[in-house]
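Trainee: with the sequence up front, the predicted model follows.
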Amino acid sequence: MLDTQNSQHEALMTLEVKAEVTRNPDLVTFRLNKTLIPPGTGLSFSGPEYAKGHPLANALFQIRGVKSIWILGSDVQVTKDENVRWGTITSRIIETIKRIEG
């Protein structure tokens, strides 16, 4: 019953996405106030060819410079190409997450 209540509560909330830098300059974690997959599980997409059946990962790979994606609970970790600056893609990543998951 608690899971149902949490799901209903999450459905009523506005989706928030916050970007958090990591020690790796090519990796940023996007934290959502919504659980995407059960805690303790993860989905890894090392390239666009592996994301065909997953709407969020597929949409994120449409952004030039996105190299790989990990989805862990309510986090989306994105690795970018080293030749692309976060300043040019961060807002597009956040907009894409909100459009697909919001």
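Mentor: Sure, I can see it.

Trainee: least trustworthy helix or strand in the chain by mean pLDDT?
Mentor: Ranking every helix and strand in the chain by mean pLDDT, DSSP states H and E puts helix 2-12 at the bottom, with a mean of 51.

Trainee: after that helix, which helix or strand is next? Please name it.
Mentor: strand 17-21 (DSSP states H and E).

Trainee: and that next one, which residues are buried?
Mentor: Val17 (16 or more other C-beta atoms under 10 Å). All C-beta atoms are positioned from the backbone trio N, CA, C, and that covers glycine.

Trainee: so where do the helices sit in the chain?
Mentor: For the chain, applying DSSP state H gives helices covering 2-12, 55-60, 86-101.

Trainee: run through who's touching the second one.
Mentor: Spelled out, it's helix 55-60. Outside helix 55-60, the residues within contact range by C-beta atoms under 8 Å, 6 or more residues apart in numbering are 36, 43, 45, 48, 50-52, 66, 69, 71, 76, 78, 93, 96-97, 99-101.

Trainee: what subset of those is buried?
Mentor: Buried members of these, scored by 16+ other C-beta under 10 Å, are 36, 43, 45, 48, 50-51, 66, 69, 71, 76, 78, 93, 96-97, 100.

Trainee: among these, name the ones in strands.
Mentor: With DSSP state E as the criterion, strands contain 43, 45, 66, 69, 71, 76, 78 from among those.

Trainee: from those, which is closest to Val84?
Mentor: Looking at those and their distance to Val84, the nearest is Val66, at 8.4 Å (C-beta to C-beta).

Trainee: for that closest one, give me its contacts.
Mentor: 60, 78-81, 89, 93.

Trainee: try it again at 6 Å.
Mentor: Shown in contact with Val66 (C-beta atoms under 6 Å, 6 or more residues apart in numbering): 60, 78.

Trainee: bridged to it, which residues?
Mentor: According to DSSP bridges, the partner residues bridging Val66 are Lys80.

Trainee: okay, now the unreliable bits of this structure?
Mentor: Across the chain, the ranges flagged by pLDDT under 70 are 1-12.

Trainee: can you pull up the most central residue in it?
Mentor: Val76 (3.0 Å; C-alpha atoms, centre = their mean).

Trainee: so what's that one bridging to?
Mentor: Phe30, Ile71.
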